[in-house]
Structure formats: C-alpha cells, structure tokens
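Novice: sequence-free structure coming up:
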C-alpha cells in the first residue's frame, strides 16, 4: 500500500517539467518501471503507474529514452490486455504510449 502512495506522489510531482527531469536524473523512472513490472496485475497499482509513466514521459526526452529502453510500451500493452475492463488503466496506458510515440515521431523527423 505504501508503494502505491509513493507512485502517486511521483505522478503528482512529475506534472512539473523541472520535477520530471529531476525524477529521471535521480533514478525514479527506472525504479518506477521495476515496481510496475512486478505489480502490474493489481488494478489500482496499474492505474497509478500508468498515470505516473504518462506524466514522467511528457516532454522529457531523457525519461522517454529510459522508458523505451526498459520496454515500457510492451509493459503498457500487456497491462492493457490484462485490465481490458478497467477504463482508467486503459486511458492512462494510452496516454503514456502516446507520449512515447510522439517522441518516436520527433526522432524520425530529426533523423
């Protein structure tokens, strides 16, 4: 239960661009992915983690690269399949995937 509260704090803090960058630098994004990988089957945990991933990925290339290297998109898709009946999980997972996909498009246009 305490872990969910910590993830919720990360989700709130990551709404701010400076905080997003600091969370990535301090390793919170990697820790978030490790927790999510272990507990994605829990509906509440999945909802909170997907929201946090969406926020940390928003307009932060460092965090987006970290999430991609940790196979976040695959985990998000697996989570969506596991929680097909939970609209909050689906919405947050789609938002996170969209953020990561937007960065992929930017990378392709720049390259």
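Specialist: Structure received. Worth saying up front: this structure is predicted, and the values here are computed from it rather than measured.
Novice: the nearest residue to residue 35 once chain neighbours are set aside and residue 49, how far apart?
Specialist: Of all residues not flanking residue 35 in the chain, residue 3 sits nearest, at 6.1 Å (CB to CB, 6 or more residues apart in numbering). In short, each C-beta sits where N, CA and C put it, glycine included. Using CB to CB, to the nearest Å, residue 3 is found at 10 Å from residue 49.
Novice: now for the helix or strand encompassing the residue nearest to residue 35, which elements pack on it?
Specialist: Residue 3 is located in helix 2-13, with elements delineated by DSSP states H and E. Applying 3 or more CB pairs under 8 Å, 6 or more residues apart in numbering; DSSP states H and E, we find helix 2-13 packed against helix 17-25, helix 28-39, helix 43-57.
Novice: so which of these is the most packed in?
Specialist: Of all the helices and strands packed on helix 2-13, helix 43-57 carries the top mean neighbour count, a mean of 25, counting by mean count of other CB atoms under 10 Å.
Novice: quick one: list the elements packing against it.
Specialist: So helix 43-57, by 3+ CB pairs under 8 Å, 6+ apart, packs with helix 2-13, helix 17-25, helix 28-39, helix 61-69, helix 72-82, helix 87-110.
Novice: and residue 86, what are its phi and psi?
Specialist: Note on residue 86: its backbone torsions stand at phi -110, psi 100 [degrees, to the nearest 10].
Novice: show me the contacts for the residue nearest to it when sequence neighbours are not counted.
Specialist: In this structure, residue 86 finds its nearest non-sequential neighbour in residue 43, 5.4 Å apart by CB to CB, 6+ apart. Listed by CB atoms under 8 Å, 6 or more residues apart in numbering, the contact set of residue 43 reads 83, 86, 89.
Novice: quick one on the thing from earlier: would CSV of the helices and strands packed on helix 2-13 with distance to residue 67 and mean pLDDT be doable?
Specialist: As requested, the helices and strands packed on helix 2-13 are arranged in CSV below (distance: least, CB to CB, whole Å; pLDDT from 0 to 100):
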stretch, distance to residue 67, mean pLDDT
helix 17-25, 9, 92
helix 28-39, 7, 92
helix 43-57, 6, 95
